[in-house]
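1. Just to be clear, the model below is a prediction. Sequence and coordinates:
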Amino acid sequence: MFFDFESMRTVTQVFMFLLAGLSIASIIGWGLSVTNKEKDYTELKQRINSWWIMIGIFGLALVMGPLVTVLLFAMLSFIALKEYFSMTPTRLVDRKVLFWAYLTIPIQYYWIATGWYGMFIIFIPVYAFLFIPFRMVLAGETKNYLRAVGNIHWGLMLTVFTLSHLAYLVMLPSEGEYQSLTMSGDGAALLLYLVMLTQLNDVAQYVWGKILGTTPIAPTISPNKTREGLIGGVITTGVLAMILAGLLTPMIWWQGLLVGLGIGIAGFIGDVSLSAIKRDIGIKDSGQLIPGHGGILDRLDSLTFTAPLFFHVMRYFYF
Amino acid sequence: MKYINLALRWLFFALIIKPIVKIVIGLRYQNTPILPKDGPALLIANHNSHLDTMVLISLLPLKILHKVQPVAAADYFLKNKFLGWFALNIIGILPIERQGKDKTANPIEQCAKALDNGKILIFFPEGSRGEPEKMTDLKYGVVKLAERCPKVPLYPIYMHGLGKTLPKGDALFVPFFCDVVFSEPMTYDVSGENFYDNVKERFGELQDSIKLPKWD
């Protein structure tokens, strides 16, 4: 059996709380649509239903062990990169370069599955960074060269490099030994901690913004984001991080609070930076893969910023 | 032999084409799908890639697969024996002689006969695939066919992205999402006047509804 109840006890407990919270959200959503028939709650319901599916897939992967988790994030990187290339301008001459860009995904996740940290951390920023322009000059087209090469690099960093840090979290060594590929351990708890806080931060910022929001914080990029929403969300995330730190991480309460505040702020920046890209292109959502949420990038945008930061804080101080 | 081929065709689409189209490429419906439940019907779509046919067949449920026939040029697909067997039995094409090659064959009559038999035809009004991700002028074949079968509904469908995934003259497959837009069915009986312009206008509307970038 992949699942060791002893080492996964806290993960299971936190997951139960998460499912309970989601059930309450579902009941509220159902209650709202029954009591207030004039208003359309389809989107809210779709959103909540999508959360059930996403949390279900995520939980299943955690239970099945690190290898399945790594494969899940490889798949997410692939869909995210495809979504990114589908919405940004690319050149016909670069088709072969784009093919190589996709090939970095299995390679990057292979380093993770074998626990080769040194290669994992330099593969995209060094080797892919140098290889992509080399392959592009072979095609010989200089028109829009800089834009095209910048576009591909930004996509690889955003969807492959940063997201793969999530997968490496489950591989983090516990007590000096590398994690087994089939048995979940401390890394699974860290991954749950980060993903849960980042996503709850998105929700909290949205809810605080709806309740108290008056002052736009980035009016040219994302008019619905307000200062009140940001502050409320960051404090909520900080408090939750403080409470959960003792359960899921090696941190003590005040360290958890600091990390939580950091996740709140980094999540906001990740969200806004993808909004800037979408606004530049002139689209609202990056796709429609997740009903009620938009594309996969719309859901993962905050994680692209929180994942590397959280990963390196953990690695530097605790592993 | 006929049933073996039918079974092979079903397996080919169920196990290979549908998973590739839905997972590796990924379809994004821009509106609620409007598709025929049964034949006779005519799906008309823009044509930029060999994948167009695969995607259109994948849009339809497998239980009506045996009625689906993409209309294709006989001289291109029946070039050699293996390709011919594959095109006829696995893809299930309706081979027509392109105009100008053989004056005795009447491609419109061939299509009309299949429609009379309750088939669902896949028809590319532009003719051949053309430049990646650009729509060329429609040919008059679609008007003639609609005139010949005025009660058969035509379902205009616009696909974006396949000319990037697998453009004409390139064998390297590079996945991009395929965005699909559907339009209300039209018949010659109802909108027969200026039918050519009506179809063209429909495709113009569908094309404008997609705001994603094409190739540079």
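-> Yep, it's here. Since this is a predicted model, take the numbers as computed values, not measurements. Residues are numbered from 1 along each chain as shown, chains lettered A, B, ... in the order given.

2. Pull the contacting residues for the residue nearest to residue A:202 when sequence neighbours are not counted.
-> The spatially closest residue to residue A:202, leaving aside those adjacent along the chain, is residue A:302, at 5.6 Å (CB to CB, 6 or more residues apart in numbering or on different chains). In this view, the C-beta of every residue, glycine as well, is placed from N, C-alpha and C. For residue A:302, the contact set (CB atoms under 8 Å, 6 or more residues apart in numbering or on different chains) comprises A:198-199, A:201-202, A:266-268, A:270-271.

3. Now, those residues that are in strands?
-> Within these, no residue falls in strands by DSSP state E.

4. Helices of chain A, start to end?
-> Chain-ordered helices for chain A, with DSSP state H as the definition, fall at A:9-35, A:42-64, A:66-87, A:95-113, A:117-122, A:129-139, A:145-156, A:162-171, A:186-212, A:227-248, A:253-281, A:296-318.

5. next one: chain B
-> B:2-11, B:18-19, B:51-59, B:74-77, B:81-85, B:107-116, B:141-148, B:162-165, B:188-191, B:195-208.

6. Residue A:49 reaches residue A:292, doesn't it?
-> Yes: using CB atoms under 8 Å, residue A:49 and residue A:292 qualify as a contacting pair, with a distance of 7.4 Å.

7. So which residue is dead centre in the chain?
-> Picked chain A for this. Centrality entry for chain A: nearest residue to the mean C-alpha point is residue A:303, 2.9 Å, by CA atoms, centre = their mean.

8. if you could check chain B rather than the one you did, that'd help
-> By CA atoms, centre = their mean, chain B has its centre lying nearest to residue B:122, at 3.6 Å.

9. Nearest spatial neighbour of it, chain-adjacent residues omitted?
-> Excluding its sequence neighbours, the residue lying closest to residue B:122 (CB to CB, 6+ apart) is residue B:70, at 4.0 Å.

10. number of nearby residues for that neighbour?
-> For residue B:70, the count of nearby residues is 21 (other CB atoms under 10 Å in any protein chain shown).

11. per-residue pLDDT, it?
-> pLDDT recorded at residue B:70 is 94.

12. which ones are touching it?
-> Contact analysis of residue B:70 by CB under 8 Å, 6+ apart lists B:53, B:56-57, B:91-94, B:121-122.

13. one more time with 6 Å, if that's ok
-> By CB atoms under 6 Å, 6 or more residues apart in numbering or on different chains, the contact set of residue B:70 is B:53, B:93, B:122.

14. I'd say the last one and residue B:41 touch.
-> In other words, residue B:122. No: at 9.9 Å, residue B:122 and residue B:41 do not qualify as touching, with contact defined as CB atoms under 6 Å.

15. What residues does the stretch 1-150 of chain A have near chain B?
-> A:82, A:86-87, A:89, A:91-92, A:95, A:98-99, A:144 (CB under 6 Å from any CB of the partner chain).

16. one more time with 10 Å
-> Applying CB under 10 Å from any CB of the partner chain, we find that the stretch 1-150 of chain A lies next to chain B at A:75, A:78-79, A:81-83, A:85-102, A:141, A:143-144, A:147-148.

17. could you flag which of the residues you listed are buried?
-> The neighbour-count test (16 or more other CB atoms under 10 Å in any protein chain shown) marks A:78-79, A:81-83, A:85-88, A:90-95, A:97-98, A:100-102, A:148 as buried among these.

18. Select the helix or strand of chain B having the lowest average pLDDT value.
-> Across the helices and strands of chain B, mean pLDDT, DSSP states H and E gives its lowest value to helix B:188-191, namely a mean of 78.

19. for that one, packing partners?
-> For helix B:188-191, the packing partners by 3 or more CB pairs under 10 Å, 6 or more residues apart in numbering or on different chains; DSSP states H and E come out as helix B:141-148, helix B:195-208.

20. tell me which residues in the last one are buried?
-> The one in question is helix B:195-208. Result for helix B:195-208 [16+ other CB under 10 Å]: buried residues B:195, B:198-200, B:202-203, B:206.

21. cool, the first one as well?
-> The neighbour-count criterion (16+ other CB under 10 Å) identifies B:141-146, B:148 as the buried residues of helix B:141-148.

22. And the average pLDDT for it is what?
-> 87.

23. residue at max distance from the center of chain A?
-> Outermost in chain A, CA atoms, centre = their mean: residue A:140 at 36.0 Å.

24. Could you measure from the residue nearest to residue B:51 when sequence neighbours are not counted over to residue A:280?
-> Distances taken as CB to CB, 6+ apart put residue B:162 closest to residue B:51, at 4.5 Å, once the chain neighbours are dropped. From residue B:162 across to residue A:280, the span is 25 Å (CB to CB, to the nearest Å).

25. quick one, which of these two is more surrounded?
-> residue B:162 (28 against 10).

26. Could you check the pLDDT of the closest residue to chain B within the stretch 101-250 of chain A?
-> Chain B sits closest to residue A:144 of the stretch 101-250 of chain A, with a gap of 5.9 Å, by CB to the nearest CB. pLDDT for residue A:144: 90.

27. who's in contact with residue A:244?
-> Counting by CB atoms under 10 Å, 6 or more residues apart in numbering or on different chains, residue A:244 touches A:10, A:14, A:17, A:189, A:192-193, A:196-197, A:251, A:256, A:260.

28. quick revisit: tell me the buried residues in the least confident helix or strand of chain B?
-> Of the residues in helix B:188-191, those buried (16+ other CB under 10 Å) are residue B:188.

29. Also stretch B:179-188?
-> Across stretch B:179-188, burial judged by 16+ other CB under 10 Å covers B:179-183, B:185-188.

30. Which one of those is nearest to chain A?
-> Distance to chain A across the buried residues of stretch B:179-188 (CB to the nearest CB) is lowest for residue B:179, with 7.9 Å.

31. which ones are touching the closest one?
-> A:86, A:287-288, B:26-30, B:158-162, B:209-212.

32. do that again at 8 Å, thanks
-> Applying CB under 8 Å, 6+ apart, the residues near residue B:179 are A:86, B:28, B:30, B:159-161, B:210, B:212.

33. For it, name its beta-bridge partners.
-> Note on residue B:179: beta-bridge partners by DSSP bridges are residue B:28, residue B:160.

34. The residue nearest to the centre of chain A is in contact with residue A:191, isn't it?
-> No: contact criterion CB under 8 Å: residue A:303 and residue A:191 do not qualify, at 10.7 Å.

35. Name the residues contacting each of those two.
-> Listed contacts common to residue A:303 and residue A:191 are residue A:166; contacts here mean CB under 8 Å, 6+ apart.

36. Could you measure from residue A:142 over to residue A:122?
-> Applying CB to CB to residue A:142 and residue A:122 gives a distance of 29 Å.
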